[in-house]
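A.B. asks: Structure of the sequence below:
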Amino acid sequence: MELNGKDLAPATMIASFIFSTVPSATEVTTNNFSHSSIFSKTSSHRFKYTQENQTHRFKVSCNKTSDDKYDTLETSLDKKNVDRRNLLLGLGGTLYSAANLTFLPSAFSVPIAAPNVSDCAIASKGIHNIKDAVRGVACCPPVLTLNSPKNYVFPKETAVRIRPAAQRASDDYIDKYKAAIKAMRDLPDDHPHSFKQQAKIHCAYCNGSYTQKESGKEYEHLTLQIHNSWLFFPFHRWYLYFYERILGKLIDDPTFAIPYWNWDNPTGMIIPDLFEKPIQVRERKENPVFDAYRDARHLPPALVDIDYNGEDRGVSCIDQITINLSAMYKQMISNASDPTSFFGGRYVAGMDHDDKNSHGTPSVGSIEAGCHTAVHRWVADPRMPNNEDMGNFYSAGYDPIFYAHHANVDRMWKIWKELGIRGHREPTDKDWLDASYVFYDENEELVRVYNRDCVDLNKLNYDYETSRIPWARNRPIPRAKNPQMAARSARMGRSSHDVQFPVKLDGIVKVLVKRPYVNRTKEEKEKANEILMLNGICFDSEKFVKFDVYVDDKDDEPETTAADSEFAGSFAQLPHHQSGEKMFMTSAARFGLTELLEDIEAEDDDSIMVTLVPRTGSDDITISEIKIELVPIV
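C.D. replies: Down below sits the predicted model:
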């Protein structure tokens with residue numbers, strides 16, 4: 001491959017960042033998280049991206065950098081601890097009413113609880129071609145006891161396990177990591193700690209092996225699904241926790257920690273070498289962390305696409321890095337301003353992802369629908385019948401890179417909390433806190449764990465090696481500031497009041513959406529975020545689906561990307577459902593507008609033009625509602 005006029009070998013090509021004219025700042029490190037201030041702050045504790053910061057954007061070199069150069073990379077974040085505040089009511093209490101609050105407790109709801117491992121069925125959901133599935137669909141864990149799971153008790157230990165960035169892992173660490181995975185692979189398949197059984201965990205929880213029976217007999221006909229809702233982050237955190245502890249026990253090292261794939265940093269935006277080396281095909285198969293079902297087009301030195309549409313963009317590495325960092329900014333800041341937007345929507349017993357008539361529809365969080373799904377699909381082998389391994393929930397756990405990928409997803413939760421932005425907090429709803437899952441721990445004990453116990457990493461006794469987050473200064477820039485664009489473009493679309501919903505996404509859809517309030521003051525913005533909501537997104541759950549959302553965008557070339565302010569974000573899903581015929585699921589998505597409208601100078605527009613662009617698998621998608629709400633910052 002040739003970049004910048006130089007031939008780069010897969011083992012040596014790595015992206016490096018050199019920032020120019022970065023404002024001076026005093027760096028503070030807290031809990032292995034590095035911060036330096038380039039943001040000016042308003043009293044609302046929102047980050048205000050100054051014109052100076054927009055001018056001082058980064059310069060990029062796509063050549064390998066030495067470790068000492070890596071250490072000079074500047075981050076761009078000011079961390080400020082913020083106390084939670086009560087709901088602020090304004091304008092006579094009408095603008096930010098209690099009706100807009102999310103995560104309100106319900107006296108009639110029941111938290112989701114995974115059943116005992118003995119209450120498990122053959123997985124059939126999300127596997128389009130079961131006949132040719134290369135991984136088994138019998139995803140139930142072994143039944144070692146008929147006793148009910150006992151509540152997990154944290155072991156008394158003092159050593160903190162530090163998860164390293166895979167691209168900087170030492171040779172000694174890589175040898176230890178590979179030895180641990182090999183030991184796991186060497187176990188009998190029916191052992192609860194075996195590589196196969198660990199992979200099956202994801203299949204069981206995600207492809208229909210469990211029901212909601214534990215939450216009540218009346219729910220035993222409803223499938224349990226931990227994706228596409230507020231269960232996404234805590235389930236995967238617990239999953240990695242026990243996986244990591246099992247690996248440590250197999251090599252008799254209680255300090256062992258799994259690596260994270262640092263795809264949000266330019267130095268980590270290729271598949272880490274340790275998962276592919278050695279290059280020779282014969283020796284490759286002897287690498288215990290190698291997986292045969294990866295897209296050959298995306299092996300090193302290919303750069304990951306965090307906004308992957310299913311097809312390669314063909315852009316330069318500099319443009320790809322810019323797109324990635326801007327996408328991360330949106331997913332971690334602009335579109336993640338409150339717990340629902342970041343974690344996903346409420347999901348309790350009785351709610352059904354498959355039935356839009358059930359009492360409530362879950363929604364997907366910004367990270368899950370964004371970089372999480374994009375990386376899964378980017379790594380997966382498109383030649384396989386079900387996009388194995390990473391492209392389908394039933395098989396993803398068979399690729400060791402899955403755990404490194406999800407370690408970085410989990411790291412996003414930690415970083416999101418530490419950004420110091422008001423509203424960045426876990427759900428406080430008892431139904432989220434009391435939701436539970438069942439795992440075999442490192443001692444082969446069947447245990448039940450709860451969301452409430454995985455919030456504090458100190459309690460879990462692990463942390464992440466510090467890595468810079470250059471996306472924090474990469475607020476997108478508008479293609480062209482064009483006030484009243486939506487008003488002048490009204491003839492190209494229909495008002496949301498005139499649209500016959502549900503609207504079908506078999507082509508580009510333009511809808512003029514009324515805003516609840518215009519020209520909000522700084523004080524009003526301190527009290528609520530303006531959010532675009534797409535509700536009742538019904539899609540074929542056997543497909544990889546993705547569509548993009550734009551606001552007041554111009555139709556001329558070049559195509560708008562995540563690097564542009566007009567790009568609001570994406571909705572994307574991996575396959576979820578059963579084979580045989582088209583099966584539909586219902587979800588929702590949210591996109592932040594406060595910063596976007598500031599950037600494109602459209603704050604005085606009473607309506608905005610929302611454009612939905614189908615990318616893949618979108619022919620059957622319908623959307624029941626498009627609206628804008630002011631969501632209180634609490």
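A.B. asks: and Glu445, what does it touch?
C.D. replies: For Glu445, the contacting residues are Lys150, by C-beta atoms under 8 Å, 6 or more residues apart in numbering. C-beta coordinates here come from the backbone N, C-alpha and C atoms, glycine included.
A.B. asks: Could you report the separation of it from Met184?
C.D. replies: Separation of Glu445 from Met184 (C-beta to C-beta, to the nearest Å): 18 Å.
A.B. asks: Repeat that for Thr622.
C.D. replies: If you measure Thr622 against Met184 using C-beta to C-beta, the figure is 43 Å.
A.B. asks: Who has more neighbours out of these two?
C.D. replies: In terms of neighbours (other C-beta atoms under 10 Å), Met184 is the more surrounded of Thr622 and Met184; the figures are 22 against 17.
A.B. asks: Secondary structure element for that one, which one?
C.D. replies: Counting by DSSP states H and E, the element that carries Met184 is helix 171-186.
A.B. asks: what's the angle from the helix or strand that that helix is followed by to helix 171-186?
C.D. replies: Of the helices and strands lying after helix 171-186 in sequence (DSSP H and E), the nearest is helix 195-206. For helix 195-206 against helix 171-186, the angle between stretch directions is 80 degrees (axes from the mean of the first three to the mean of the last three C-alpha atoms, to 10 degrees).
A.B. asks: list the helices and strands helix 195-206 packs on?
C.D. replies: helix 171-186, helix 232-250 (3 or more C-beta pairs under 8 Å, 6 or more residues apart in numbering; DSSP states H and E).
A.B. asks: Paired strands for the lengthiest strand in the chain, with orientation please.
C.D. replies: The longest strand of the chain (DSSP state E) is strand 528-540. As defined by DSSP bridges, the strand partners of strand 528-540 come to strand 584-592 (antiparallel), strand 622-632 (antiparallel).
A.B. asks: Sheet partners, orientation included, of the helix or strand hosting Ile608?
C.D. replies: Following DSSP H and E, the helix or strand that holds Ile608 is strand 607-616. For strand 607-616, sheet partners with direction are given as strand 509-514 (antiparallel), strand 545-551 (antiparallel), following DSSP bridges.
A.B. asks: re the thing from before, closest to Lys178 out of the strands paired with strand 528-540?
C.D. replies: For the strands paired with strand 528-540, the distance to Lys178 is smallest for strand 584-592, at 38.0 Å, taking C-beta to C-beta.
A.B. asks: List the buried residues in the closest one.
C.D. replies: Buried positions in strand 584-592, judged by neighbour count with 16 or more other C-beta atoms under 10 Å: Phe584, Met585, Thr586, Ser587, Ala588, Ala589, Arg590, Phe591, Gly592.
A.B. asks: ok, those residues vs Asp540, which is closest?
C.D. replies: Distance ranking of the buried residues of strand 584-592 against Asp540, using C-beta to C-beta, places Phe584 first at 6.2 Å.
A.B. asks: I'd guessed the closest one sits against Cys538; true?
C.D. replies: Yes. Using C-beta atoms under 8 Å, Phe584 makes contact with Cys538 at a distance of 5.3 Å.
A.B. asks: re earlier: quick one: average pLDDT of the longest strand of the chain?
C.D. replies: Average pLDDT, strand 528-540: 95.
A.B. asks: export it as CSV, just CAs?
C.D. replies: What follows is the C-alpha trace of strand 528-540 in CSV, where atoms were taken according to Å, rounded to 0.1, in the frame of the first residue of the first chain:
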residue,chain,number,x,y,z
ALA,A,528,-32.1,21.7,28.3
ASN,A,529,-30.6,20.1,25.2
GLU,A,530,-32.4,20.3,21.9
ILE,A,531,-32.7,16.8,20.5
LEU,A,532,-34.0,15.4,17.2
MET,A,533,-35.9,12.2,17.9
LEU,A,534,-36.7,9.4,15.4
ASN,A,535,-39.2,7.1,16.9
GLY,A,536,-40.7,3.8,15.8
ILE,A,537,-37.8,2.8,13.5
CYS,A,538,-39.0,-0.5,12.1
PHE,A,539,-36.4,-2.5,10.2
ASP,A,540,-35.6,-5.9,8.8
